[in-house]
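In: After the sequence you'll find the predicted model.
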Amino acid sequence: MSVRHFLGVAASAVAVWVIASSDARAQAPPGPLPPPAREVIEDPGPPVQVPAENGGRERAEPPSFNGTSAPTAGSLWDSPVLGHATPRADYRIYWFPGEPVGGQPTNLAMVRQDFSVFHPLWQDCANEWAATVHVRGEIFSTDAIIPNTGKSFPDELWNIRLGASYRHLFDNGWIAGGGVSFGSASDKPFHSIDEMTVGINGFLRIPQGERNAWLFSLAYSPTSELAFPVPGVAFLWWPTDNFRMNIGLPFQIMYRPIDEVTFELSYMLIHTVHARLTYRPIKPLRLYIGYDWDNESYFLADRADVNDRLFYYDQRVTGGVAYDVCRGVTLDFSSGFTFNRYYFEGQHFSDQTNNRLNVGDGPFVALQCRIRW
């Protein structure tokens, strides 16, 4: 698969998204929202219109997690709002210039592209059905070899996922749902059944008073850091519009000391950390700095052991600017420094000292476009 194929997949996904949007407009009318609260996310997108019986006020969707081990249900799994999910698409491209490979006379450069689409298929005041598409492609320029095996480092890595999710609001206020995804994460996606992936998750939200809630989840993904079902239990504490905290797993804090400044921090097992400080000097413009500790894994088509994966870990500090070009469209430019970068082939994180490929620290740049319907 090549960049041309990647663009073909992206274009096909957009076409499906646009066609499906005509069906979504015919869905049953959404029900009322819970008591209004000021928006509490950095990029809420276009607000949804509250029915007339609630005074016609507008309210943005509540924040939610993006942890790799947490269920997302279209990134709304912890939200008390049903019937107001909006279609959205996201494209981001990174450039990591060539940096030295430890112990080898070569550099490694990478271009990473991420494309994702979320689209509600059908929704009303008590049910939400949604579909998701995610494609990540990484193109490498290097003569590096994987140390223990002597194999050349792959020219490309791909992670392609198609998914569906469902949420239901019960009469007692509980919200339950789940999701499933199918795809392939490999240097040769869909090469065989051994390179295909199936992920599942389930979740339950039990409200406690007007804002607070218990959040229970169970998630499995063969490419996550922990490749077995991972439970999550957290208490959502939301005492004011300016402060929100999930105590447990996934862990998250949102704090807004003044209207123009927002701080967010999230953590999920084992090495997934995201922190961001955002300043909004004027309404369409946001300036931010952030820290990320991420990981990913792939099933190489020619691996000796079918259970082995190629893992990648890195940490990044980032500064960026996001600008709302028009309603529902945001451009985001960022740059930063990535460090503690390494690949290794094995079955678990405990194998990270074996068959390891260290990559030098260095700068990166990224450009992103986000669209909300």
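Out: Arrived safely, thanks for sending.
In: pLDDT below threshold where in the chain?
Out: Along the chain, segments meeting pLDDT under 70 span 1-77.
In: what comes into contact with stretch 135-147?
Out: Applying Cβ atoms under 8 Å, 6 or more residues apart in numbering, the contact partners of stretch 135-147 are 1, 3, 6, 9-10, 13, 98, 101, 103-104, 106-116, 151-161, 296, 310, 343, 345, 355-357. Quick note: C-beta positions are derived from backbone N, CA and C, even for glycine.
In: where's Phe364, which helix or strand?
Out: strand 362-372 (DSSP states H and E).
In: in stretch 240-252, what counts as buried?
Out: Neighbour counts over stretch 240-252 (16 or more other Cβ atoms under 10 Å) mark 244-246, 249-252 as buried.
In: Likewise for stretch 341-354?
Out: 341, 343-346.
In: My guess is His134 contacts Ser116. True?
Out: Yes. His134 lies in contact with Ser116 (Cβ atoms under 8 Å); the separation is 4.4 Å.
In: Could I get the buried residues of stretch 240-252 in JSON lines, plus columns for secondary structure and distance to Ser181?
Out: Shown next, in JSON lines, are these (DSSP: H, G, I helix; E, B strand; the rest coil; distance: Cβ to Cβ, whole Å):
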{"residue": "Arg244", "secondary structure": "strand", "distance to Ser181": "27"}
{"residue": "Met245", "secondary structure": "strand", "distance to Ser181": "29"}
{"residue": "Asn246", "secondary structure": "strand", "distance to Ser181": "23"}
{"residue": "Leu249", "secondary structure": "coil", "distance to Ser181": "21"}
{"residue": "Pro250", "secondary structure": "coil", "distance to Ser181": "18"}
{"residue": "Phe251", "secondary structure": "strand", "distance to Ser181": "24"}
{"residue": "Gln252", "secondary structure": "strand", "distance to Ser181": "22"}
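In: Taking those residues, tell me the two that lie furthest apart.
Out: Within those, two members stand farthest from each other by Cβ to Cβ: Arg244 and Leu249, at 16.1 Å.
In: now the strands for the stretch 201-350 of the chain?
Out: 212-220, 230-240, 243-248, 251-258, 261-268, 272-282, 285-298, 309-326, 329-346 (DSSP state E, counting those that start in this stretch).
In: related to what we said a few turns ago, output the buried residues of stretch 341-354 as TSV; include the columns distance to Val198.
Out: Converted to TSV, the buried residues of stretch 341-354 look like this (distance: Cβ to Cβ, whole Å):
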residue	distance to Val198
Arg341	29
Tyr343	24
Phe344	24
Glu345	22
Gly346	22
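In: I'd like the strands of the stretch 201-350 of the chain written out as TSV, with distance to Pro87 added.
Out: Output for these, formatted as TSV (distance: least, Cβ to Cβ, whole Å):
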stretch	distance to Pro87
strand 212-220	24
strand 230-240	26
strand 243-248	25
strand 251-258	24
strand 261-268	24
strand 272-282	24
strand 285-298	22
strand 309-326	16
strand 329-346	13
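In: check contacts around Phe190.
Out: 160, 184, 196.
In: Let's see which of these end up in helices.
Out: When these are checked against helices (DSSP state H), there are no matches.
In: any idea which of those is the one closest to Thr330?
Out: Ile160 (24.8 Å).
In: Am I right that the closest one is in contact with Thr132?
Out: No. Using Cβ under 8 Å, Ile160 is not in contact with Thr132, being 11.8 Å away.
In: Can you tell me who Arg309 pairs with across the strands?
Out: Beta-bridge pairing of Arg309 under DSSP bridges involves Gly346.
In: what do you get for Arg370?
Out: Beta-bridge partners, per DSSP bridges, of Arg370: Asp90, Thr330.
In: and if you look at Asn246?
Out: Beta-bridge partners, per DSSP bridges, of Asn246: Leu236, Gln252.
In: try Leu108
Out: Glu99, Thr142.
In: Touching, it and Pro97? I think so.
Out: No. Applying Cβ under 8 Å, one finds Leu108 not in contact with Pro97, separated by 9.8 Å.
In: Who has more neighbours out of these two?
Out: Leu108 (24 against 13; other Cβ atoms under 10 Å).
In: how close does Lys172 get to Arg372?
Out: Actually, residue 172 is Asn. It isn't Lys. According to Cβ to Cβ, to the nearest Å, Asn172 and Arg372 sit 31 Å apart.
In: Between these two, tell me which one has more neighbours.
Out: Between Asn172 and Arg372, counting by other Cβ under 10 Å, Arg372 is the more crowded of the two (18 against 7).
In: my read: that one touches Asp90, true?
Out: No. Using Cβ under 8 Å, Arg372 makes no contact with Asp90, being 9.5 Å away.
In: Contacts only, for the nearest residue to Arg211 once chain neighbours are set aside.
Out: Beyond its immediate neighbours in the sequence, the residue positioned closest to Arg211 (Cβ to Cβ, 6 or more residues apart in numbering) is Trp238, lying 3.9 Å away. Trp238 is in contact with 37, 211-212, 244-245, counting by Cβ under 8 Å, 6+ apart.
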